[in-house]
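Q: sequence first, then the predicted structure:
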Amino acid sequence: MAQSVNSHSGVLLKPFTAEDDANLREALKRCSAATYEAAAQFRKTGNTEHLPAIVLGIIERYVEPDLRAKLKDADDDLRVIEDLGIDSLTMMEIVILVEDVLQMTINNEELRHLRTVGDVKTFIECKVRGLPLPKPTKFIPIEQIVSVMPIQPPFLFLGEASVNAHGANAKYKISGQEFFLQGHFKDNPVLPASIMLEALGQLAVLFLIEGQVGEAGKTVDHRTIFFTSCEGVRCHRVCRPGDVLSLSIKPKRLKSPLATFEGQIRVGQEKAAIAEEITLTFGFAEEIAQPVPQVAPAEQPVALNPAKSAVNA
């Protein structure tokens, strides 16, 4: 049977017959019509742009109805277990359906580090295109953020965060107790736009510190990270106490001594602010070598008295 390859994605295309279409409809009968349409287009064209819709549609099929609204935000930082309630058995059902729909094979061992929706989407695309699998997302609790960041409370505007090879995400809830809100503005507390930009910059600092940038044997020295410039900053929404900011940054250029990121802030589904470019300067420090444990020398045999040795000889 004739096969071809999508020149853009590198996906091997097989003929999509009427029987294949009927089987696909049957496999996705409990998914949305949009999921079927995306899957059919992918099978016909090999266009990987349809993969996110397929993956989200299949995940939605297995998520409890009251949790499905979370998927509508298309937040790649959603945790599969904690936020969507998907246990290991349900995850296996999702994988089996993905294998059937996308005509691929997934090793169970490869699933161990998939913790977020973004991890799953990236993993599936890499498998389909035959690319190396990326490192899993690293989740960083607020205690660890405070321990590694050079910026400290009350001027730290990151809650829990996650970092992977493609960028970083974090949350920050405006409590209303921030010191600067006392005068910004009188009887009308509003988060300053400069603080939103600062929060994005702090997330970029966390990305640099958490080992996503480096040269062999080196790590980024947090004492060398400073703000350099920003461009294309626009605010789209007023943010007030009680709002939860969803921050995200993605690296655009990383070459010592400069790192440039793009960033955005959302509140729910509303865009609050964007920065086309945030540039930081940074430097490397030699990693501290871990001490090598000393092995106790083997016990030596007791030396004989030379005089006695001579007598016994």
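A: Here it is on my side, so go on.

Q: name the helices or strands packed onto the lengthiest helix in the chain?
A: In the chain, taking DSSP state H as the definition, the longest helix is helix 193-209. Helix 193-209 sits against helix 142-148, strand 161-164, strand 167-173, strand 226-235, strand 244-255, strand 258-267, strand 270-281, with contacts defined as 3 or more Cβ pairs under 8 Å, 6 or more residues apart in numbering; DSSP states H and E. From N, CA and C alone the C-beta is placed, and that goes for glycine too.

Q: give the buried residues for the next helix or strand after that helix.
A: Proceeding N to C from helix 193-209, the next assigned helix or strand is strand 218-220, under DSSP states H and E. Neighbour-count burial for strand 218-220, counted by 16 or more other Cβ atoms under 10 Å, picks out Thr219, Val220.

Q: which strands and helices sit next to strand 218-220?
A: Short answer (3+ Cβ pairs under 8 Å, 6+ apart): strand 218-220 packs on strand 284-286.

Q: let me know which of the helices and strands packed on helix 193-209 is tucked in deepest.
A: Ranked by mean neighbour count, these are led by strand 161-164 with a mean of 23 (mean count of other Cβ atoms under 10 Å).

Q: ok, and what's touching that one?
A: If you take Cβ atoms under 8 Å, 6 or more residues apart in numbering as the criterion, strand 161-164 is touched by 77, 116, 118-119, 134-140, 145, 168-171, 203, 206-207, 210, 212.

Q: can you check stretch 271-281 too?
A: With Cβ under 8 Å, 6+ apart as the test, stretch 271-281 has contacts from 193, 196-197, 200-201, 204-205, 208, 224-237, 239, 245, 249, 252, 257-266.

Q: could you dump the longest helix of the chain to PDB, C-alpha only?
A: Written as PDB, here are the backbone C-alpha positions of helix 193-209 (Å, rounded to 0.1, in the frame of the first residue of the first chain):
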ATOM      1  CA  ALA A 193       1.800  47.500  35.700                       C
ATOM      2  CA  SER A 194       5.500  47.700  36.800                       C
ATOM      3  CA  ILE A 195       4.800  45.000  39.300                       C
ATOM      4  CA  MET A 196       3.300  42.800  36.600                       C
ATOM      5  CA  LEU A 197       6.500  43.300  34.600                       C
ATOM      6  CA  GLU A 198       8.600  42.600  37.700                       C
ATOM      7  CA  ALA A 199       6.700  39.300  38.200                       C
ATOM      8  CA  LEU A 200       7.500  38.100  34.700                       C
ATOM      9  CA  GLY A 201      11.100  39.100  35.200                       C
ATOM     10  CA  GLN A 202      11.200  37.100  38.400                       C
ATOM     11  CA  LEU A 203       9.800  34.100  36.600                       C
ATOM     12  CA  ALA A 204      12.600  34.400  34.000                       C
ATOM     13  CA  VAL A 205      15.100  34.500  36.800                       C
ATOM     14  CA  LEU A 206      13.700  31.300  38.200                       C
ATOM     15  CA  PHE A 207      14.000  29.700  34.700                       C
ATOM     16  CA  LEU A 208      17.700  30.600  34.600                       C
ATOM     17  CA  ILE A 209      18.400  29.400  38.100                       C
END
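
Q: pLDDT weak spots in the stretch 201-313 of the chain?
A: Within the stretch 201-313 of the chain, the stretches with pLDDT under 70 are 211-212, 214-217, 286-313.

Q: which stretches of the stretch 51-200 of the chain form helices?
A: Remark: helices assigned in the stretch 51-200 of the chain by DSSP state H, counting those that start in this stretch are 51-62, 88-102, 117-129, 142-148, 193-209.

Q: may I see the ones you listed organised as a markdown table, with distance to Leu156 added?
A: Output for the helices of the stretch 51-200 of the chain, formatted as a markdown table (distance: least, Cβ to Cβ, whole Å):
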| stretch | distance to Leu156 |
| --- | --- |
| helix 51-62 | 32 |
| helix 88-102 | 34 |
| helix 117-129 | 24 |
| helix 142-148 | 7 |
| helix 193-209 | 7 |
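
Q: and the ones you listed: which comes nearest Gly283?
A: helix 193-209 (10.3 Å; Cβ to Cβ).
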